[in-house]
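Participant: here is a sequence together with a model predicted from it:
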Amino acid sequence: YVALPPYKSARRRVQREGTERELVADFVLAVDVATLAAVVVRGDRPVRATRQDPRPSTLETGSNERWVDGVSGQLPPTVAGDLAATAGTMSGVTMGPNGPSILGAGAESNLTTLNGMGLSASQIPRAARTETRVTGATFDVTRGGFAGANIDVRLGPGSRSFQRRNAFVTLEPSQLQFTDRAGRALGARNGSFRGSFGADGELIRRALTYNVGLDLLRTTSDAVSLFDADREALLRAGVSPDSVARLALLTGPMGLPAGRFDGMRERTGLSWLGRLDDTRDSLSTRALTSFVGYTRDAAVGFGPLTSRTAGGERDELTYGAQLTLGTYTGPGKRILTETRAAASRVSNATTPFTLLPGATIVVRSADELAPGTPGLAELNVGGAPYLAANEERWTLEGANETQWNMRGSKHRFKALMSGRMDGLEQESFANALGTFTYNSIADFTAGTPSSFTRTLEQPVRDGATWNAAGALAHQWFRSRWFNLIYGVRLEGSGFASAPDRNPALEQALGVRTGAAPTQFHASPRLGFTYTYNRDRDNGSGMSVNNVGTFYRTTAGVIRGGIGEFRDLLRPGIIADASASTGLAGATSMLSCIGDAVPGADWALFASNPGAIPTRCLDGSGVLSERAPSVMLIGEDYDVPRSWRASLDWSTNFGKWLFKAGALGSYDLNQPGTIDANFSGVQRFALGEEGGRPVYVSPASIDAASGSVSAVEARRSGGFGRVGVRTSDLRGYGGQVTLGLAPDPFKFRNRYSFFWSTNYALQQSNRQYRGFDGAGFGDPREREWAPSPTDARHVVVVTGGVSSAKTGTITLFGRTQSGLPFTPIVQGDVNGDGRGGDRAFVA
């Protein structure tokens with residue numbers, strides 16, 4: 001027996017033969033190999049993070065958004081490229097007087113971006129190869145900075161395979177336009193020329209690509225003003241032509257100039273958008289984007305109720321640049337990090353034609369289009385006291401975004417750190433030369449104005465704000481059919497400086513001055529996407545033909561989510577507060593009513609602007625007020641924010657695609673104003689107007705004109721209106737959208753026929769105070785009312801057909817129900833110091 005580890009043991013019998021004395025045995029030991037149980041090791045292979053550039057055919061998880069697509073020619077050639085008009089092609093967007101709105105949010109809460117960074121331009125070249133989306137709710141917390149809508153323009157790199165060129169030239173003579181007599185009288189017909197050129201491709205082979213667009217626009221139309229408008233235009237404006245003719249005979253002898261502008265209403269625009277990409281390293285991104293825009297408007301402020309002397313001209317220059325640097329880091333180069341920096345500036349200069357006080361004349365006439373219906377209108381002559389302004393706005397922005405995967409690609413993480421600075425400098429002296437108001441042409445002839453207001457002092461309005469954000473998002477891909485995204489966005493905002501304190505104001509009214517609060521907030525979001533249609537032909541992509549460009553997203557999908565969205569802090573808030581502190585040299589106003597109004601010597605004012613009144617005739621009576629106006633920022637002021645929830649469903653019925661969506665919002669921290677110098681003591685009530693309270697005595701009301709002085713309603717006579725910016729108002733809104741369109745992959749025919757319809761049913765309401773305008777009772781009380789953009793119904797219809805014999809014909813139509821209307825009285829009825837009170841409707 002032989003044993004020797006690590007060999008197998010061996011045993012053998014040895015027999016002696018004959019007389020053998022030595023027994024020999026030869027052993028060869030085999031290696032003893034132990035057999036172990038099988039061990040299986042499994043693991044996910046690390047997957048490199050990929051750049052998730054937005055694509056129109058693949059919507060973000062849970063998002064409520066839409067990319068601009070459809071038939072060509074949805075916008076007129078002179079408007080194409082205007083981002084606000086582009087957003088208006090969607091049924092879920094309401095078009096208001098200040099721009100597009102979603103669920104009643106103000107246009108100031110919208111955010112316009114270029115490749116995710118702030119874009120200060122409002123128009124881009126028509127021929128630029130861009131893609132645009134409008135978002136009402138996104139549940140990716142790395143996107144934010146808006147409580148309204150996000151209009152995001154995507155300018156991608158140039159093609160590495162093709163050299164592409166496109167150009168548009170539009171010549172629109174006014175002789176080819178048709179309108180009614182009123183349109184012709186109001187100068188609705190205009191002639192225009194627009195040329196746009198775009199190109200993209202490789203500039204240096206395998207090293208540098210480009211994508212650029214250039215646009216030139218010029219439009220002209222008749223400059224219709226008060227004294228050269230025809231009878232039809234004046235009647236449409238609600239003014240008797242006889243009244244205007246009588247006024248025209250009076251202005252010259254009274255010393256008012258006829259006006260030096262004798263040309264056409266002209267608008268000239270130039271815009272540029274371009275991008276350069278370094279393509280030498282496929283794992284890195286190095287891109288430079290630039291944009292420039294220039295606009296010049298002549299005959300600003302012209303209209304059938306305004307003389308040429310009350311107009312002006314405006315020049316605006318916008319320019320900016322973005323730099324993007326992206327690379328892979330970490331073990332195996334699997335972590336993608338991208339750094340972006342941007343800078344932009346907007347310069348705006350408005351110059352009035354005439355340096356004279358303004359004159360507003362109230363006339364009463366019988367509208368000949370509706371006999372027996374009396375009306376009131378305001379005729380504006382003299383100068384344009386509110387047009388003189390020089391404004392500079394600038395923005396600096398930086399961001400870093402990092403993406404990585406875990407457990408293969410089932411878990412995708414994204415982290416963001418961003419910061420932004422916004423600044424404003426405005427040299428405007430609104431109403432610097434003053435405004436006289438006359439209750440009739442007879443009063444104008446007699447030289448007896450009913451009121452005179454003037455800004456005596458107005459320092460430069462300047463200020464800067466900062467906004468910063470950090471976000472972490474986790475997207476979980478449970479399967480091909482279901483994925484979930486959630487995360488938290490931490491945001492902070494504040495002012496770069498604080499207004500000067502005013503101890504006298506603090507002692508007089510007990511308010512805190514010099515406040516410039518800094519706020520921090522955490523906003524969570526969660527969204528999901530579930531695909532229940534698992535047909536093999538249920539894909540996504542793009543179809544391009546002569547009729548237009550159409551995107552198809554996967555059908556049979558339910559997606560939605562809930563989250564909070566927070567607006568940016570704007571520099572205009574601190575600029576107002578810094579200029580209106582109530583200290584020496586700050587904003588100071590003059591207001592004269594009735595017998596305290598000084599006379600107007602227009603010839604003297606034209607030759608010697610120093611002769612324009614700086615005090616009332618009754619320097620200390622209740623009908624005159626000369627005191628500094630103040631604007632404060634509340635200690636707890638915060639930017640608007642909105643909780644939003646959305647649910648969308650898309651499916652297909654044969655060759656047709658059907659979409660339905662719902663979006664709701666609950667809005668917090670909505671801005672408002674409170675007058676801290678308002679006493680709130682009711683002196684009497686107007687019984688014939690439902691008991692409307694009046695906060696001044698009859699002695700403060702001019703018997704001849706009905707104008708009201710608010711001096712008696714002040715808590716302190718040493719100050720005028722002391723506005724305090726607050727953020728304690730609320731709002732809510734909701735909408736349901738329906739859409740029907742042919743499937744671009746299945747609905748094919750020889751004529752490229754296309755037709756679609758989209759409908760939105762919506763409602764939005766807001767809280768208001770009387771200090772914000774349209775007050776009736778106590779201006780300190782909050783009341784609910786429809787938002788200014790509460791259009792209940794929006795219908796959008798498009799269609800198109802193309803053939804060799806007919807060419808391409810497209811149709812776009814948008815119908816929007818009316819916006820809320822509140823009858824407003826021109827002056828101050830209840831004596832709270834805020835004009836524009838709500839009219840009494842029996």
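Facilitator: Nice, thanks for sending it over. Numbering: from 1, shown residues only.

Participant: endpoint to endpoint, stretch 828-841 covers what distance?
Facilitator: For stretch 828-841, the first and last residues are 17 Å from each other (Cα to Cα, to the nearest Å).

Participant: can you give me the strands in the stretch 1-150 of the chain?
Facilitator: With strands called from DSSP state E, counting those that start in this stretch, the stretch 1-150 of the chain shows them at 64-67, 70-71, 94-96, 99-101, 111-114, 117-118, 130-137, 150-155.

Participant: scratch that, the stretch 401-550 of the chain is what I was asking about
Facilitator: 411-428, 435-438, 451-457, 461-477, 482-495, 519-531, 541-544, 548-552.

Participant: do you know which of these lies nearest residue 667?
Facilitator: Closest approach to residue 667 among the strands of the stretch 401-550 of the chain is made by strand 519-531 (13.7 Å; Cβ to Cβ). Heads up, the C-betas are built off the backbone N, CA and C, glycines and all.

Participant: elements contacting that closest one?
Facilitator: Counting contacts by 3 or more Cβ pairs under 8 Å, 6 or more residues apart in numbering; DSSP states H and E, strand 519-531 is packed against strand 482-495, strand 557-566.

Participant: pull the helix or strand with minimum mean pLDDT from this protein.
Facilitator: helix 181-185 (a mean of 68; mean pLDDT, DSSP states H and E).

Participant: name the strands paired with the helix or strand that comes right after that one and say parallel or antiparallel.
Facilitator: Later in the chain than helix 181-185, the nearest helix or strand by DSSP states H and E is strand 190-204. Partners of strand 190-204 in the sheet, by DSSP bridges, are strand 164-172 (antiparallel), strand 208-221 (antiparallel).

Participant: which of these has the lowest average pLDDT?
Facilitator: Least confidently modelled of the strands paired with strand 190-204 is strand 164-172, at a mean of 91 by mean pLDDT.

Participant: for it, buried residues please.
Facilitator: residue 172 (16 or more other Cβ atoms under 10 Å).

Participant: sorry, back to before: could you say which of the helices and strands packed on strand 519-531 is packed most deeply?
Facilitator: Among the helices and strands packed on strand 519-531, ranked by average contacts under mean count of other Cβ atoms under 10 Å, first place goes to strand 557-566 (a mean of 22).

Participant: so what does it touch, helix or strand wise?
Facilitator: strand 130-137, strand 482-495, strand 519-531, strand 641-653.

Participant: could you dump the ones you listed to a markdown table with mean pLDDT and distance to residue 604?
Facilitator: Below are the helices and strands packed on strand 557-566 laid out as a markdown table (pLDDT from 0 to 100; distance: least, Cβ to Cβ, whole Å):
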| stretch | mean pLDDT | distance to residue 604 |
| --- | --- | --- |
| strand 130-137 | 94 | 54 |
| strand 482-495 | 97 | 44 |
| strand 519-531 | 97 | 52 |
| strand 641-653 | 96 | 54 |
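
Participant: just to revisit the earlier point, figure out which of the strands of the stretch 1-150 of the chain is closest to residue 710.
Facilitator: Taking these one by one with Cβ to Cβ, strand 94-96 is closest: 30.3 Å.

Participant: mind listing the strands the closest one pairs with, and their directions?
Facilitator: strand 99-101 (antiparallel).

Participant: what comes into contact with the strand it pairs with?
Facilitator: Applying Cβ atoms under 8 Å, 6 or more residues apart in numbering, the contact partners of strand 99-101 are 84, 87-88, 93-95, 107, 110, 134, 148-149, 151, 787, 789.

Participant: among the residues you listed, which are in helices?
Facilitator: 84, 87 (DSSP state H).

Participant: drop anything exposed from the contacts of strand 99-101.
Facilitator: For the contacts of strand 99-101, buried by 16+ other Cβ under 10 Å: 84, 87-88, 93-95, 107, 110, 134, 148-149, 151, 787, 789.

Participant: could I get those as JSON lines with distance to residue 121?
Facilitator: Shown next, in JSON lines, are the buried ones among the contacts of strand 99-101 (distance: Cβ to Cβ, whole Å):
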{"residue": "84", "distance to residue 121": "12"}
{"residue": "87", "distance to residue 121": "14"}
{"residue": "88", "distance to residue 121": "17"}
{"residue": "93", "distance to residue 121": "19"}
{"residue": "94", "distance to residue 121": "23"}
{"residue": "95", "distance to residue 121": "19"}
{"residue": "107", "distance to residue 121": "16"}
{"residue": "110", "distance to residue 121": "14"}
{"residue": "134", "distance to residue 121": "17"}
{"residue": "148", "distance to residue 121": "18"}
{"residue": "149", "distance to residue 121": "17"}
{"residue": "151", "distance to residue 121": "11"}
{"residue": "787", "distance to residue 121": "27"}
{"residue": "789", "distance to residue 121": "23"}
